[in-house]
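Trainee: Kindly return the folded structure for what I paste below:
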Amino acid sequence: MKELVDFVFLIIVYFWKFYRKWKEKGRDILLINTLMYIYLSFVLYFTLMPIITSLPFIFNHPYDSMNLVPFIDVLNGRGDFIRQVGLNVIMTIPFGFLIPLVKKENDKLLKVVFYTFLLSLGIELLQPLINGVRSADITDLITNVIGGIIGYIIYLIFKPLTTKILNCIRYR
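Mentor: Take a look at the predicted model:
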């Protein structure tokens, strides 16, 4: 229920700040940017929400520093590490696919890696601050970047098709 406050806020921000601006740039821009916005909203849901209702309590718990030993859970066989690694890779595949479409001038792997790294680092640093139960982990950062790279490779494979689809939407 607390997440509902965040989703209502995200919907208000979308229509108040972004929708008209993106629509003026064309239907193709509106579609791609809206897909990215929806995707990022779901990333927030799975990684950070509830945010707004947690803000008054962010200093009511200790901040655990990031685990800087890569794949320590995998090496020690702790928890459901295979599931966690898989979910972290899967989570950023859409980002790696969409970011070159949103930022057309950044049709380069290094830019996608950089943006995916920033997204993941932001999430990892905020998780323990917003929610005292969550922790930050270098493994998550690494696997998120791998997911972004996979998404970029999928983008390259489907680039001719996405270009055709976006051109049809743009000139329709």
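Trainee: how about the closest residue to Leu68 other than its chain neighbours, what does it touch?
Mentor: Leaving aside its chain neighbours, Leu68 sits nearest to Ile138 (5.2 Å; criterion: Cβ to Cβ, 6 or more residues apart in numbering). For the C-beta atoms, the positions are set from N, CA and C on the backbone; glycine is no exception. By Cβ atoms under 8 Å, 6 or more residues apart in numbering, the residues touching Ile138 are Met66, Asn67, Leu68, Val69, Pro70.
Trainee: what's the farthest-apart pair in these?
Mentor: Met66 and Pro70 (11.2 Å; Cβ to Cβ).
Trainee: Check which helices and strands the worst-scoring helix or strand of the chain on mean pLDDT is in contact with.
Mentor: Sorted by mean pLDDT, DSSP states H and E, the helices and strands of the chain end with helix 72-76, the least confident at a mean of 79. Applying 3 or more Cβ pairs under 8 Å, 6 or more residues apart in numbering; DSSP states H and E, one finds that helix 72-76 contacts helix 81-102, helix 138-170.
Trainee: rerun at 7 Å
Mentor: helix 81-102 (3 or more Cβ pairs under 7 Å, 6 or more residues apart in numbering; DSSP states H and E).
Trainee: who touches the helix it packs on?
Mentor: By Cβ atoms under 7 Å, 6 or more residues apart in numbering, the residues outside helix 81-102 that reach it are 32-33, 35-36, 39, 43, 73-74, 106-107, 112, 115-116, 119-120, 140, 143-144, 146-152, 154-155, 162.
Trainee: same thing but at 6 Å, please
Mentor: With contact meaning Cβ atoms under 6 Å, 6 or more residues apart in numbering, helix 81-102 is reached by 32, 36, 39, 73-74, 107, 112, 115-116, 140, 143-144, 146-148, 150-152, 154-155.
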